[in-house]
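# The amino acid sequence is not available; the structure is as follows:
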């Protein structure tokens, strides 16, 4: 409680600053031999930022910023005598400490307040005022009764409050001192969302601030020096795989005088306003740090529930333990089957996961956008594929067969004819040596619906020359399981043709589609 109250004081007091333009900083790449000790290798260069005192008793200081390959390093040389650092968390605000704000070069763009169902999306263009419309954007009638209008307006008002916390998840503020590194902006917002608007199961843990910046200091003749390392894993979400533009603010606080809850501070931007990234310093990382989703240079995007491809965001992995990122997310409105009235959260996070398999040394097939890369030549195809059952087979003429499945899945909406039934898929593409793609086999059905099949499975020969689909007929009137039949497809001239049918067969044992 004491820390929260002190932070509110900071909000009010630190927002009153002198006007001016925030300095732009070009951040060079550096590979220091050691971290946490002397800052001499930076202090010999011209400082990137001269801290500007914002009140009597504020310390003077110089700051250097470097990209060290696994994170952002901030080094400072601070004057004003020996620091009085906090001895416990509750005194953090009142003692000497450093505050760092960090966010991407652009703010997230949120969709208009809205929701969706199996027929499309709906938005309340004018917020609660749009609740009086008795038809949604797909032409479906909405509840326009007094009770229905009240619920809609309450929902719209709740989303407006939720969105203020949601936007905070894209900005980080750390309070730093020896033995302390407290994220005090996004983390409380995450907990507030979980307690007031949704369960933690509905808010992916990927948006919860993770990792901890490291803070080191050393006494100096005039005051102290410090280094702050913000590892990539602690970064806020990023909208591009090319890490080039960031916004940063560095404030150095003095210990509070007697009777005060906080001391004076010096800041890196004369235009600074609390939690307003447009007033922060603009960083240009040169050369940029380029991340990859897959070895195929897959773009940072994904499909929404309607199949539309949208730009995505990602958070770098922990100090790049993996070579590729593979995981991102979309910012979309919540949607669900038969959700004809306003419901859920607006917006939500939709996870994006990319994947790949090695075909041969220097050659890969990647998804979810089907992409082939061999050496330096990359070809992206319009098809979107799933990871389950992804495999390849080289033909004698050097064409490449790419198999997706067999798999069983369910409609995300759970709507339509037998919306709760699984549906199967087995697709094989042929990629030619001149980078053309052909669908050479497409199998699958809705299972256990109003018609056959009631069950299904597949087998594929080791050389991919034959693919057999097994179908179970409808149960008879006595409730006994129906019989199985099979249809076989043979590979001929780089495509599959039906080459055999049988009845009363035994299905695969063990099952390939264990989900069924």
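Looks like it came in fine. Here the structure is a predicted model, which is why all the values come from computation and not from measurement.

# pLDDT of the single longest helix found in the chain, averaged?
Assignment by DSSP state H gives helix 146-168 as the longest helix of the chain. Helix 146-168 shows a mean pLDDT of 96.

# Then stretch 385-402?
Mean pLDDT, stretch 385-402: 96.

# got a list of contacts for that stretch?
353, 355, 357, 359, 365, 367-368, 370, 372, 403-407, 409, 425-433, 440, 463-464, 494 (Cβ atoms under 8 Å, 6 or more residues apart in numbering). To be clear about C-beta, it is placed using only N, CA and C from the backbone, and glycine gets the same treatment.

# Can you flag the buried ones in these?
Among the contacts of stretch 385-402, those classed as buried by 16 or more other Cβ atoms under 10 Å are 355, 359, 365, 367-368, 370, 372, 403-407, 425-431, 440, 464.

# Among those, which lie within strands?
355, 359, 365, 367, 370, 372, 403-407, 425-431, 440 (DSSP state E).

# can you list the domain ranges for this structure.
2-7+46-108+170-290, 119-167, 386-516 (automatic domain parsing).

# any idea which of those is most buried?
Neighbour counts (mean count of other Cβ atoms under 10 Å) averaged over each of the domains of the chain peak at domain 2-7+46-108+170-290, with a mean of 19.

# Any idea how far that one is from the middle of the chain?
22 Å (Cα atoms, centre = their mean, to the nearest Å).

# for residue 403, what are its contacts?
389, 390, 391, 392, 393, 426, 427, 428, 460, 464.

# and residue 491, that's in a helix?
No - using DSSP: H, G, I helix; E, B strand; the rest coil, the assignment for residue 491 is strand, not a helix.

# Remind me which helix or strand residue 194 belongs to.
Assigned by DSSP states H and E, residue 194 belongs to helix 186-196.

# Against which helices or strands is that helix packed?
On a contact count with 3 or more Cβ pairs under 8 Å, 6 or more residues apart in numbering; DSSP states H and E, helix 186-196 meets helix 146-168, strand 171-177.

# now these as TSV including distance to residue 262?
Output for those, formatted as TSV (distance: least, Cβ to Cβ, whole Å):
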stretch	distance to residue 262
helix 146-168	21
strand 171-177	11
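
# out of those, nearest to residue 455?
Among these, helix 146-168 comes nearest to residue 455, with 41.7 Å by Cβ to Cβ.

# Could you list the low-confidence segments of the protein?
Along the chain, segments meeting pLDDT under 70 span 1-21, 200-201, 318-322, 415-417, 450, 476-479.

# for it, which strand is longest?
With secondary structure taken from DSSP E, the chain has its longest strand at strand 242-253.

# Tell me the strands beside it, with direction?
As defined by DSSP bridges, the strand partners of strand 242-253 come to strand 97-104 (antiparallel), strand 265-267 (antiparallel), strand 281-290 (antiparallel).

# Could you list which residues are in contact with residue 317?
232, 233, 325.

# From residue 327, how far off is it?
Distance of residue 317 to residue 327, computed by Cβ to Cβ, to the nearest Å: 8 Å.

# Equivalent analysis for residue 337, please.
If you go by Cβ to Cβ, the gap between residue 337 and residue 327 works out to 26 Å.

# Also residue 27?
26 Å.

# Please identify which of those two sits among more neighbours.
residue 27 (23 against 17; other Cβ atoms under 10 Å).

# Residues touching stretch 33-42, excluding its own?
When contacts are defined by Cβ under 8 Å, 6+ apart, stretch 33-42 is touched by residues 32, 64, 66, 73, 75-77, 214, 216, 218, 225, 227, 229.

# Tabulate those in CSV, adding columns for distance to residue 244 and secondary structure.
Below are the contacts of stretch 33-42 laid out as CSV (distance: Cβ to Cβ, whole Å; DSSP: H, G, I helix; E, B strand; the rest coil):
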residue, distance to residue 244, secondary structure
32, 22, coil
64, 19, strand
66, 15, strand
73, 17, strand
75, 21, strand
76, 24, strand
77, 27, strand
214, 24, strand
216, 27, strand
218, 32, strand
225, 28, strand
227, 23, strand
229, 20, strand
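
# Wait, residue 345 touches residue 204, no?
No - using Cβ atoms under 8 Å, residue 345 is not in contact with residue 204, being 11.9 Å away.

# In three-state terms, label the nearest residue to residue 407 once chain neighbours are set aside for me.
The shortest distance from residue 407 to any non-neighbouring residue, by Cβ to Cβ, 6 or more residues apart in numbering, is to residue 388 (4.2 Å). Per three-state DSSP, the local secondary structure of residue 388 is coil.

# ok so residue 507 is a helix residue?
No - assignment of residue 507 by three-state DSSP gives coil, placing it outside any helix.

# which residues touch it?
By Cβ under 8 Å, 6+ apart, the contact list for residue 507 reads 455, 457, 470, 472, 484.

# Can you tell me which of those end up in strands?
Judged by DSSP E, the contacts of residue 507 include 455, 457, 470, 472, 484 as members of strands.

# Tell me which residues touch the fourth one, please.
The contact partners of residue 472, taken as Cβ under 8 Å, 6+ apart, are 452, 453, 454, 455, 456, 481, 482, 483, 484, 507.

# Could you export those as TSV, including distance to residue 106?
Shown next, in TSV, are those (distance: Cβ to Cβ, whole Å):
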residue	distance to residue 106
452	52
453	50
454	52
455	50
456	47
481	58
482	57
483	60
484	56
507	54
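
# Which residue, other than its chain neighbours, is closest to residue 177?
Closest to residue 177 by Cβ to Cβ, 6+ apart is residue 97, at 4.3 Å.

# That neighbour bridge partners, please.
Counting by DSSP bridges, residue 97 is bridged to residue 253.

# right, and it touches residue 86 too?
Yes - counting by Cβ under 8 Å, residue 97 does reach residue 86; the two are 6.6 Å apart.

# Which of the contacts of residue 403 sits closest to residue 124?
Closest to residue 124, out of all of the contacts of residue 403 and judged by Cβ to Cβ, is residue 427, at 38.9 Å.

# Roughly how far does the nearest residue to the closest one once chain neighbours are set aside sit from residue 140?
Closest residue to residue 427 apart from its sequence neighbours, by Cβ to Cβ, 6+ apart: residue 404 at 4.8 Å. Per Cβ to Cβ, residue 404 is found 34 Å from residue 140.
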